[in-house]
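**Q** One predicted model, sequence on top.
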Amino acid sequence: MSDVFVSYKRENLAAVGRLVEALRTEGIGVWWDQDIAPNAAWEATIEQALAAAKLVIVAWSPASVASENVKAEARWARTQGRLLQVFVEACEPPLFFGERQGVDLKAWSGAGSDPAFRSVLEAVRKGLEQQPAAPSSDDATVARVADASPPLPAKPSIAVMPFANLSGDLEQEYFADGMVAEITTALSRIRSIFVIASSSTLSFKGKAAGAQEVARQLGVRFVLEGSVRRAANRVRIAVQLIDGGDGAQLWADRFEDTLDDVFALQDKVALAVAGKIEPTVQEAEIRRASARPTGNMSSYDLYLRSLPLSLTVGKAGISQALDLVTRAIALDPEYASAVSQAAACHYLLDRYAWSDDPAAERRQAVEMAHRALLLDGDDPRILAVGALVASDLEHDQPTAVALLDKALVLGPSNAIVWGVSGAVWMRAGETDRALEHLEMSIRLDPMGSARLSQLSNTALVRFQQRRFADAVAFAKQFIQRTDAPGGYACLAASYGHLRQTDAAREALKGYRARSPQPIEVFARSIFHDPAHTKLFLDGIALAEGESSTGAAP
């Protein structure tokens, strides 16, 4: 993005084009909407360029005075102290803008030597020079002594900054501020993230402070920025997550809806943003931990390194993850998340018959899950692991449901919790509720760490609903991503019911090559409802029948 953003109306394209060309000739970096690539997201690109600019030139004319978008960009630039006005046609500027001096370019023909243009150039250079300069080493030392930054918390930390109101309506400030408060509240429910209160972040409203400076002042690692643009009865909210260390954009998205129910819309956006931020922040933390030297790792770093390994649904990855969290627990026996992660690893090793001592694996999973709940019974992910163990290993569905109910209250935007809930209800045969919870997990994290369990459990729910072709589609996506045996078992049973026996036999062969567990035992561990176990085993029996490639009618 460039230092200067130009806001204008298309009716003045020729005049503004001359201004852009002349400024660029003088070495000024200028951005205007003609720079947008053909396939780029138009409004999102404009909003990002506006937020990145150090100076905003607004070209006033009758057309731009009538434009809500131009006026909104001008208001934003004024509140940020970045506004420079020029007049390309005779007009009265909007209310509250007439008190600011603007440069008259109505008669300018494009000559670089014209006094009018030289006035613009001087104002641009002066405006850019007034931006905060990087301090010298001596100045920086004095600044650190006089105004020391708070130390970073031990866990990921984030500040939700005031949203820019691009609505062209000052009365919509309340909506933008409410959006910040709602997202902050939603994020504060995530126990793994340290969140700065909205009362602190709103104090930056109207101040020209970049994400890195905000992160330094507030002592956080991540900064969420956003903007709100309202037109008639619709509103568009754009957000981006910034790494406060290097200023890199980690994630960006936008949401659009009607304003029929303002508070419902705020809740919806807050939930969606929180759901996407949690895995994004976690992935950034995992990358940071993985980049550190392996000779000096804390319990937290060991735990972070274990997370992606445990989600591979592969024997080697899960075994490595268990080794890492075992070391983490040795360093800090009271680290609840690490204890819960160990329980999950023991559970998975038993679940896929990858253990030499399944009984011991199950005992460890149950013991660790209970221990983690005692250490921290209010963490949504710890509650979810406890529910999975209660449902599958202790056959205690009421306890599993109670734990999940609590987890969803405490972590309503956690995709993994929704996915575990879907799996537990799938085991119980409650297919409608299972599918609803799995779809919520997918909506919150469609391409992240929960994807494998989303695919495998959705395939099994579709199988329970006798939608065998759909089950095949999801199972195929699952085995494309991992070598785990469960996907092959689901494929075999589904193809069996579709009377595609050759494909069913090939899938059954794939399962047996990857798991020593008899498929009958696998089926009983997956489905707690005997009717669904029978349906599955009937599909396997059909898979072992006479060769036929014809589909069932």
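**A** Happy to help now that I have it.
**Q** Now do the SS call for A252.
**A** strand (DSSP: H, G, I helix; E, B strand; the rest coil).
**Q** If we ignore the residues flanking it in sequence, what's nearest it?
**A** Spatial nearest neighbour of A252, chain neighbours left out: Q240 (4.0 Å); criterion: CB to CB, 6 or more residues apart in numbering. Bear in mind the C-beta positions are built from the backbone N, C-alpha and C, glycine included.
**Q** Return the set of buried residues in the helix or strand hosting E361.
**A** Element membership for E361 (DSSP states H and E) is helix 358-375. Neighbour counts over helix 358-375 (16 or more other CB atoms under 10 Å) mark E361, R362, Q364, A365, V366, M368, A369, H370, R371, A372, L373, L375 as buried.
**Q** Now render the residues you listed as CSV, adding pLDDT.
**A** Shown next, in CSV, are the buried residues of helix 358-375 (pLDDT from 0 to 100):
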residue, pLDDT
E361, 94
R362, 94
Q364, 96
A365, 96
V366, 96
M368, 97
A369, 96
H370, 96
R371, 96
A372, 95
L373, 95
L375, 92
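**Q** now these in a markdown table, with distance to D323?
**A** Shown next, in a markdown table, are these (distance: CB to CB, whole Å):
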| residue | distance to D323 |
| --- | --- |
| E361 | 14 |
| R362 | 19 |
| Q364 | 14 |
| A365 | 16 |
| V366 | 20 |
| M368 | 14 |
| A369 | 19 |
| H370 | 22 |
| R371 | 19 |
| A372 | 18 |
| L373 | 23 |
| L375 | 21 |
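**Q** Return the closest of those with respect to P485.
**A** Proximity of these to P485 (CB to CB) peaks at E361, which lies at 16.3 Å.
**Q** and the helix holding E361, how far from the chain's centre?
**A** Distance of helix 358-375 from its chain centroid, counting by CA atoms, centre = their mean, to the nearest Å, is 31 Å.
**Q** Run through who's touching it.
**A** For helix 358-375, the external contacting residues (CB atoms under 8 Å, 6 or more residues apart in numbering) are 334-337, 339-340, 342-344, 346-347, 349-350, 355, 382-383, 385-386, 389-390, 393-394, 403.
**Q** Can you tell me which of the residues you listed are buried?
**A** Applying 16+ other CB under 10 Å to these flags 335-337, 339-340, 342-344, 346-347, 349-350, 355, 382-383, 385-386, 389-390, 393-394, 403 as buried.
**Q** Take those and keep only those in helices.
**A** When DSSP state H defines the helices, the subset of the buried ones among the contacts of helix 358-375 inside them is 336-337, 339-340, 342-344, 346-347, 349-350, 382-383, 385-386, 389-390, 403.
**Q** State the mean pLDDT of the lengthiest helix in the chain.
**A** When the chain is parsed with DSSP H, its longest helix is helix 262-291. Helix 262-291 shows a mean pLDDT of 71.
**Q** residue contacts, the residue nearest to V16 when sequence neighbours are not counted?
**A** Spatially, and ignoring its direct neighbours in sequence, V16 is nearest to Y8 (4.5 Å; CB to CB, 6+ apart). Y8 makes contact with V16, W32, V58, A59, S61, S64, V70, V88, according to CB under 8 Å, 6+ apart.
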